[in-house]
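Engineer: Quick one, structure for this:
(one chain, ligands or ions: 1)
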Amino acid sequence: MYVFEIWSSSQSFCHGAFYNKRTQNALYCLAHMISIELSPKNPFHLFFASREGRHNLAVTNFEELAGSSEAAQDLLRTTMVMHLIAPDFPHVIETNFELADKSLIDRLYHHYGQKNPRIFASRNQIDLDYGREDKPNVHADYVNAHSGGLDSTYRATKLVAAGKSVLAVHLKNLNPKGTSLESRASKAQAEAWGIPHKELQFINGSRNYGSNMMRTRDLLVATATALVGLKAGAKEVQIEGDFVRDKAEAQFSEYEGTWDMFSILIKKLGLNIEVKGIDAGDIETIGELIKLEKVLDKPILDLVQNCFSAPFQLPGIRRKWEKAAPGIATASSEHWCGSCLKCRRMTLGRLYYHDPKFDRVPTSEVKFFVDDTYRWMKLYPEWRGMISDSFMIHLGNLTDQWGI
Ligand SMILES: [Zn+2]
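Structural biologist: Below is the predicted model of the structure:
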């Protein structure tokens, strides 16, 4: 039905197109078509070529996923395809493997006002290798998508404190920054709290940056984590909540309606697991973790890793605090630079909710912290969009609380 021709017209940006043979109308511009291939050596290594080069998305230690249900593996491949195409919304997608659950891809396009893509099977289809089921070496009722930051720490320790069995799954290199630090921190956390830990290692060349990453990231996070959890017998996967109700305000993977639809899809595919988004506060979460530290009698806050500063910058930035507020610097963890939003959040929460480690911090240092934070917000207005109401309210109340 379709023929392929090279356009000679110099007026067009198309270098080639699929034509309808009967009408001779161009159906798809090649600029809007991609061919996604699955590596014959790794059933979770997808890639496509564009003018900018080759774009890979892979789980390199894919043996961790072998033997889990075929429907679950297909679903992960679908969410990986979505993460690869989300930056461009190509009109035509060709794959060399059978792509299940195309409805999920249609919903993604629909969310952004795009027409459903045409998805074709290429001529060189490869046989999917689902691997052999090996005996699970870990058992847990809950599986936590565990980045090693504040929110995933909160979810995991809350489950531990409630006496539940939980497996922490870290997706290494899925986020562009601080990945080896996060990986090390998430392992150290699991060890300290006595819970099992698994890591999926990603190669991520998907070109999802900034808030646009949230078009598809959390669907991929939930599905990859669920797959590891299913092998351990988990019935619930916990991810970051705070889903957005208003469709117009939400990226696809943070939209509440997406998760309602995703839950139905998971049931339809026969996967015996539920995805639950756990809402965490901002500064309040630090207060909760101070309480959980007392309940568990295990370190929590000192193990949290989500500083925005690069490791090579951290000692230099921290030096300012060691000089001007040595009590705060000494009481803070090795992961703390003091000056980025995440580290200021940590200091604010530990001071406000009376972390015993901060008992000896003098009022003069608290005043320095508050004044410096107001100054920092004025100097760097680009951070304002990321500063929560909770942060501002707690910062204001800290002044009253400490009489400064
Ligand atoms: Zn920091």
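Engineer: For the stretch 251-400 of the chain, what lies in contact range of the ion?
Structural biologist: 307, 309, 337, 340, 343 (C-beta under 5 Å from the ion). The C-beta positions use only the backbone N, C-alpha and C, and glycine is treated the same way.
Engineer: Which pair in those residues has the greatest spatial separation?
Structural biologist: Pairwise distances across those (C-beta to C-beta) peak at 7.7 Å, for the pair Ser309 and Cys343.
Engineer: Break this protein into its domains for me.
Structural biologist: Per automatic domain parsing, the structural domains of the chain span 2-61+75-121, 142-278, 307-401.
Engineer: Out of the helices and strands in this structure, which is least certain?
Structural biologist: strand 2-5 (a mean of 44; mean pLDDT, DSSP states H and E).
Engineer: Could you tell me whether Leu351 really is in a helix?
Structural biologist: Yes - assignment of Leu351 by DSSP: H, G, I helix; E, B strand; the rest coil places it within a helix.
Engineer: wait, doesn't it sit right on Val370?
Structural biologist: No - using C-beta atoms under 8 Å, Leu351 is not in contact with Val370, being 9.2 Å away.
Engineer: And those two? Which one has more around it.
Structural biologist: With neighbours defined as other C-beta atoms under 10 Å, Leu351 and Val370 compare such that Leu351 has more, 23 against 18.
Engineer: which ones are touching that one?
Structural biologist: 328, 358, 361, 366, 369, 398, 402 (C-beta atoms under 8 Å, 6 or more residues apart in numbering).
Engineer: The fifth one: what's it in contact with?
Structural biologist: Counting by C-beta under 8 Å, 6+ apart, Phe369 makes contact with 325, 328, 344, 347-348, 351.
Engineer: So which of those residues wins on neighbours?
Structural biologist: Counting neighbours by other C-beta under 10 Å, Thr347 comes out on top of the contacts of Phe369 with 27 neighbours.
Engineer: how many neighbours does the closest residue in space to Arg360 that isn't next to it in sequence have?
Structural biologist: Closest residue to Arg360 apart from its sequence neighbours, by C-beta to C-beta, 6 or more residues apart in numbering: Gly327 at 6.0 Å. Counted with other C-beta under 10 Å, the neighbours of Gly327 add up to 16.
Engineer: Please apply the same query to the one 4 residues further on.
Structural biologist: A total of 21 residues lie near Ala331 under the criterion other C-beta under 10 Å.
Engineer: Show me the common contact partners of Ser309 and Cys343, please.
Structural biologist: Residues touching both Ser309 and Cys343 by C-beta under 8 Å, 6+ apart: Cys337.
Engineer: Please name the residues that touch the residue nearest to Arg360.
Structural biologist: Contacts of Gly327 (C-beta under 8 Å, 6+ apart): 358, 360-362, 365.
Engineer: Can you tell me which of the residues you listed is nearest Ala100?
Structural biologist: Phe358 (51.6 Å).
Engineer: residue contacts, the closest one?
Structural biologist: Shown in contact with Phe358 (C-beta under 8 Å, 6+ apart): 327-328, 331, 350-351.
Engineer: Leaving out the residues flanking it, which one is nearest to Gly349?
Structural biologist: Nearest to Gly349 is Ile286, by C-beta to C-beta, 6+ apart, at 2.6 Å.
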